[in-house]
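Participant: Got a sequence here, can you build the structure:
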Amino acid sequence: METPLVSSVREDKVVWDEESNGCYSVKSGGCLPTRSRLLERRVECTLNCPVCDEEIEDELHIFFRCAIARDSWSAAGLSSVLHNAMYQQTNAMDRIFAICSNGSSDTVGRVAMLLWCIWQNRNDKLWNDNIQMPRQIGRHAFDAWNDWYSVHKLQSNNVSGTTEADLVRTSMGFCFRDNSGHFMAGMTQWQQTVTSSVEGEAWALLLAMEEARHRGLNRVQFESDSKVLIEAIHMKRRGNSEFLSIVHDIIGLMSSFINFEVKFVRRQANLIAHTLARAANSWASFHRFENIPFCIDRLIFNEMQ
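Facilitator: Residues are numbered from 1 along each chain as shown. The predicted structure follows:
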């Protein structure tokens with residue numbers, strides 16, 4: 001097979017080291033042909049990153065240190081992962097392994113998609129002189145992960161409050177919208193404990209009501225896809241369980257705000273809150289939004305059409 005890589009090489013040469021068994025594999029040779037790795041294998045090429053043209057291109061640079069890559073992590077809602085002290089190993093392989101070992105399945109999946117998109121962008125620049133902006137790369141990664149997630153139907157306990165058993169964590173998310181559907185504000189939060197799905201949903205609703213009170217919103221319709229929760233509120237159920245204790249607090253708050261209403265909606269109609277709850281684990285334990293977060297802007301745009 002004759003594949004000219006550089007103009008100075010006219011004849012094919014064996015430059016990849018064999019393994020002890022005499023065979024060559026992609027694993028033994030290195031999966032990614034970064035310019036520093038190509039030079040190690042005696043392929044003549046420039047060393048600068050083809051994307052930023054500022055530093056030597058190795059795996060750590062192209063995925064984690066290149067300015068375009070860093071901004072792409074931020075655009076994908078993964079900047080907290082990029083800057084996490086647990087993931088600052090000195091080579092890319094160890095860094096990715098640490099993320100896979102300690103991150104939730106959601107986070108690991110999103111990181112994997114982002115790395116793939118960063119590499120695709122690098123190749124598109126190298127071969128076609130076409131480069132995407134970080135926001136486009138981040139959007140592509142997020143959309144690709146959501147598509148994969150939907151097809152494989154990964155477990156998610158509910159919409160606005162989710163339980164991450166592998167993280168020993170419960171997360172929630174919600175947003176306020178005006179009567180025309182325009183985004184007003186939002187919030188995510190997670191706590192280091194695992195609750196039942198219905199307890200997580202009740203906790204999320206209570207926090208949403210407290211946030212509405214904090215913002216001076218006194219006429220709000222709260223939507224949840226937990227039929228058990230909505231029925232418990234409407235029937236004013238009482239009991240000693242953790243769930244009914246939260247319900248009691250919700251009812252007490254609603255008695256002070258007579259224009260607070262709760263409504264049951266199907267899961268598909270509450271996808272925005274569900275997406276925020278899933279993304280909560282990538283941010284600080286408490287996060288407020290005054291502008292539309294990247295992970296839901298397309299969902300809101302589609303609903304407004």
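Participant: what ranges do the strands span in the stretch 151-300 of the chain?
Facilitator: Residue ranges of the strands in the stretch 151-300 of the chain, as given by DSSP state E, counting those that start in this stretch, are 161-164, 169-177, 183-191, 220-224, 260-264, 286-289.
Participant: Distance to residue 72 for the ones you listed - can I get that in a markdown table?
Facilitator: No exception for glycine: its C-beta is placed from N, CA and C like everyone else's. Shown next, in a markdown table, are these (distance: least, Cβ to Cβ, whole Å):
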| stretch | distance to residue 72 |
| --- | --- |
| strand 161-164 | 24 |
| strand 169-177 | 23 |
| strand 183-191 | 21 |
| strand 220-224 | 33 |
| strand 260-264 | 38 |
| strand 286-289 | 20 |
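Participant: Quick check: which of those strands is nearest to residue 242?
Facilitator: strand 169-177 (11.7 Å; Cβ to Cβ).
Participant: Kindly calculate the angle that that closest one makes with strand 220-224.
Facilitator: Orientation check (axes from the mean of the first three to the mean of the last three Cα atoms, to 10 degrees): strand 169-177 against strand 220-224 gives 140 degrees.
Participant: Ranking the strands of the stretch 151-300 of the chain by mean neighbour count, which comes first?
Facilitator: Among the strands of the stretch 151-300 of the chain, strand 161-164 has the highest mean neighbour count (mean count of other Cβ atoms under 10 Å), at a mean of 25.
Participant: can you map out the helices along this structure?
Facilitator: 26-29, 35-40, 59-60, 67-75, 79-82, 92-102, 105-128, 134-152, 197-214, 227-234, 242-256, 271-279, 294-304 (DSSP state H).
Participant: Quickly compare these and say which is most buried.
Facilitator: It is helix 271-279: most buried of the helices of the chain by mean count of other Cβ under 10 Å, with a mean of 24.
Participant: ok, the residue lying closest to residue 118 once chain neighbours are set aside to residue 276 distance?
Facilitator: Of all residues not flanking residue 118 in the chain, residue 69 sits nearest, at 5.3 Å (Cβ to Cβ, 6 or more residues apart in numbering). Note on residue 69: its distance to residue 276, by Cβ to Cβ, to the nearest Å, is 25 Å.
Participant: In a markdown table, list the helices of the chain along with distance to residue 183 and mean pLDDT.
Facilitator: Output for those, formatted as a markdown table (distance: least, Cβ to Cβ, whole Å; pLDDT from 0 to 100):
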| stretch | distance to residue 183 | mean pLDDT |
| --- | --- | --- |
| helix 26-29 | 45 | 50 |
| helix 35-40 | 43 | 88 |
| helix 59-60 | 37 | 94 |
| helix 67-75 | 18 | 92 |
| helix 79-82 | 21 | 88 |
| helix 92-102 | 30 | 89 |
| helix 105-128 | 22 | 90 |
| helix 134-152 | 17 | 78 |
| helix 197-214 | 14 | 88 |
| helix 227-234 | 24 | 92 |
| helix 242-256 | 24 | 90 |
| helix 271-279 | 9 | 80 |
| helix 294-304 | 6 | 79 |
